[in-house]
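1. fold the stuff below for me.
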Amino acid sequence: MKGYVLLEDGTRLEGELCGSGPEQGTDSVTGEVVFNTAMTGYQEAMSDPSYSGQIITFTYPMIGNYGVAEAAMESDRIHARAAIMRDARNSTDAAAAEGGWLDWLREGGVMAITGVDTRALVRHIRDKGAMRGGVFAETVSEAQARERIAAEPAMTGYQEAMSDPSYAGQIITFTYPMIGNYGVAERAMESDRIHARAAIMREARNSTDAAAAEGGWLDWLRTNGVMAITGVDTRALVRHIRDKGAMRGGVFAETVSEALARERIAAEPPMTGADLARTVTLSEPLELPGSGPRIVALDTGIKRSIIEQFQARDTHLTLLPCTASADEVLARDPDLVFLACGPGDPAALDYIVGTVRELVGRKPVIGICLGHQLLCRAVGLDTFKLPFGHRGANHPVKDLDSGRIDITSQNHGFAVRPPDGGERVESDEPVRWETDFGAAELTHVNLYDRTVEGLRLRDVPGRTFQYHPEAGPGPHDARHLFDEFLRLAEEAG
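-> A predicted model of the protein is given here:
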């Protein structure tokens, strides 16, 4: 059967499926796409635990020419998720061969594809870096493939995720197969405490031997009174959430009856209509001195890595509780008002929207993540709940001004409606909204699901970005935006 390789940045290469496939009930696999340049050792590579969660592109043109044998196994099973090849063989006539390469992959339930221009693929990865992607049967549409890649989250950053205020009230399912393998450290904290309620994992580790580790992951969770569960089929769970949407749930000890568990879940308030910003905001203003532009941020759940980006640019940063009034903001005479990320439903935060509305046109305003949604609502636009949100460090976003595609870190469950009142932007044209403060122009679009990722206010100084330019954790493609924030402050001043 025909198949294809798709990378998170939209790169597609055609081929022919040759391992496990639809006949065995598998029409796709996703993971980080990497390459291996060895001329031999394909079986050793696929069974090497270091390739867990990854899809191997073999650059040597012929793979499988000497078969497979038990002596070549580097562990008790195949760890790589798939194999991408130029020319796959199933030879069994080598002296030491005990079976064919493709037969071995099928028996192991591992997808593989041959006939791919691996030279072009490796050049692309070498230039752009290893990235998420997948191998797909031709029966899987590219839109479906993008959704499945989007569900493949970051391989690192578990401590950052658990301490991110945007995860307040939520239970995180980590789909990367091993979590906790490099320990925890104070420098990885995105706030002063854990905000997520629990962690669901396929395989949890408590390693402390990494160079920067200051403690074990599971010890850290226990010390902070956070529930966690391991041995879960997280791939099946994520597929269910992807198909049915994010929903309420829980982690329970076996001593809790299912009837009681259902009662507790039913008593849990839904995310729609939830004001969680009040639960994560500062209680008092915080001044972080600098000699550069004066930035005032409304703290709806700001992360340490965002603060660090502003401090690296020597700004004078003031954090105010999210309940601060417009007068309190203006009293500090900011060069720029910054609306931060955070948890919950923007439609439940009318008190913040009202404050922002009083600031638009009087001071330059920048919003990211939840702040993007709040600024959009303040100028009269609408938001809606996404089926399962954008959560991970591999979301491709296109800048419509330059054509540049950034791989971004995202964590939100709501989005801004396009001008036509729908949920998707079908073209790459800079469409416009008519707002209560003049025109707004689309500047960025999500290449996974075509949702709004950024806009520019044309008649007053303001920009919004749905993603996290600080990327803690995640790729640093978008950190240049902090320099753009400061240029906006300087231009308006």
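2. quick one: neighbours of D401, just the number.
-> Per other C-beta atoms under 10 Å, the neighbour tally for D401 reads 12. To be clear about C-beta, it is placed using only N, CA and C from the backbone, and glycine gets the same treatment.
3. wait, it sits on L442?
-> No - the criterion here is C-beta atoms under 8 Å, and D401 misses it with L442 at 10.3 Å.
4. shared neighbours, those two?
-> Counting by C-beta atoms under 8 Å, 6 or more residues apart in numbering, the contacts common to D401 and L442 are P430.
5. residue ranges of the strands in the stretch 301-450 of the chain, please?
-> 316-321, 336-339, 365-368, 383-399, 405-416, 432-435, 438-446 (DSSP state E, counting those that start in this stretch).
6. now those in TSV, with mean neighbour count?
-> Listed next are those as TSV, based on neighbours: other C-beta atoms under 10 Å:
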stretch	mean neighbour count
strand 316-321	20
strand 336-339	26
strand 365-368	28
strand 383-399	21
strand 405-416	24
strand 432-435	17
strand 438-446	21
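7. out of the ones you listed, nearest to A478?
-> Checking these against A478 by C-beta to C-beta gives strand 405-416 as the closest, at 4.7 Å.
8. quick check: which helices or strands does that closest one pack against?
-> Packing partners of strand 405-416 (3 or more C-beta pairs under 8 Å, 6 or more residues apart in numbering; DSSP states H and E): helix 370-378, strand 383-399, strand 452-457.
9. tell me the helices and strands packed up against the last one.
-> It stands for strand 452-457. Where contact means 3+ C-beta pairs under 8 Å, 6+ apart, strand 452-457 is packed against strand 383-399, strand 405-416, strand 438-446, strand 462-465.
10. closest one to L102 among those?
-> strand 383-399 (29.4 Å).
11. Serialize the helices and strands packed on strand 405-416 to JSON lines and add fields for distance to P22.
-> Listed next are those as JSON lines, based on distance: least, C-beta to C-beta, whole Å:
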{"stretch": "helix 370-378", "distance to P22": "40"}
{"stretch": "strand 383-399", "distance to P22": "24"}
{"stretch": "strand 452-457", "distance to P22": "33"}
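12. pick out the shakiest of the ones you listed, pLDDT-wise.
-> The stretch with the lowest mean pLDDT among the helices and strands packed on strand 405-416 is strand 383-399, at a mean of 88.
13. given it, what are its sheet partners and their directions?
-> strand 405-416 (antiparallel), strand 438-446 (antiparallel) (DSSP bridges).
14. nearest to L336, out of those strands?
-> Among the strands paired with strand 383-399, the nearest to L336 by C-beta to C-beta is strand 438-446 (17.7 Å).
15. can you give me the angle the closest one makes with helix 370-378?
-> Put simply, strand 438-446 runs at 150 degrees to helix 370-378, going by axes from the mean of the first three to the mean of the last three C-alpha atoms, to 10 degrees.
16. separation between W104 and W220?
-> From W104 across to W220, the span is 40 Å (C-beta to C-beta, to the nearest Å).
17. ugh, typo on my part, it should be N36
-> 34 Å.
18. likewise for V397?
-> According to C-beta to C-beta, V397 stands 32 Å off from W220.
19. sorry, back to before: A137: which of the helices and strands packed on strand 405-416 is closest?
-> Judged by C-beta to C-beta, the one of those that comes nearest to A137 is strand 383-399, at 21.6 Å.
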